[in-house]
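**Student:** everything below, folded, please.
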Amino acid sequence: MSSHFYVRRNGDLWQFVSCDDRAWHAGVSSWQGRNNCNDFSVGIELEGLEGQPFDEPQYETLASLCAALAQHYPIAHIAGHEHVAPGRKQDPGAGFDWRALREQLGWNPQMFPAQVVQR
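**Tutor:** The predicted structure follows:
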């Protein structure tokens, strides 16, 4: 497994793979009717345990990273592994505050998974 980015608890950002290259973060996956999410997505992993809360510096770094990516790539949706590979992957899980990320980015709620829009 690999991802493009990794966000540490303290907000430090590591990049493993160029966004122009394919990473292997999602595995067998499907989103919005498209299979093989690794073919068309940027993988961002957050340090922590699925279902557990994440730290504020992680949200700050994640929002900054998403905004920077949006300046270079057409971002249509943001989803977790739990959304693209349900039953097989569970991250980021219930401990992830989707509302906080949406508010920090100021992006349209339709860009996020429907089940998290109300959180």
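**Student:** so who does the residue lying closest to residue 83 once chain neighbours are set aside touch?
**Tutor:** In space, and not counting its chain neighbours, residue 83 is closest to residue 113: 4.7 Å by Cβ to Cβ, 6 or more residues apart in numbering. Any C-beta I mention is one placed from the backbone N, CA and C, and that applies to glycine too. Residues in contact with residue 113 (Cβ atoms under 8 Å, 6 or more residues apart in numbering) are 77, 79-80, 83, 98.
**Student:** all helices for the protein, in order.
**Tutor:** For the chain, the helices defined by DSSP state H occupy 56-70, 81-84, 98-105, 114-117.
**Student:** and the second one, what does it pack onto?
**Tutor:** If I follow you right, that is helix 81-84. Helices and strands touching helix 81-84, by 3 or more Cβ pairs under 8 Å, 6 or more residues apart in numbering; DSSP states H and E, are strand 30-31.
**Student:** do the same with the first one
**Tutor:** On a contact count with 3+ Cβ pairs under 8 Å, 6+ apart, helix 56-70 meets strand 5-7, strand 44-46, helix 98-105.
**Student:** what's the second one packed up against?
**Tutor:** Strand 44-46 sits against strand 5-7, helix 56-70, with contacts defined as 3+ Cβ pairs under 8 Å, 6+ apart.
**Student:** winner for burial among those?
**Tutor:** strand 5-7 (a mean of 20; mean count of other Cβ atoms under 10 Å).
**Student:** could you give the separation of it from the chain centroid?
**Tutor:** 10 Å (Cα atoms, centre = their mean, to the nearest Å).
**Student:** now swap in stretch 92-106 and tell me
**Tutor:** In terms of Cα atoms, centre = their mean, the centre of stretch 92-106 is found 10 Å from the chain centre.
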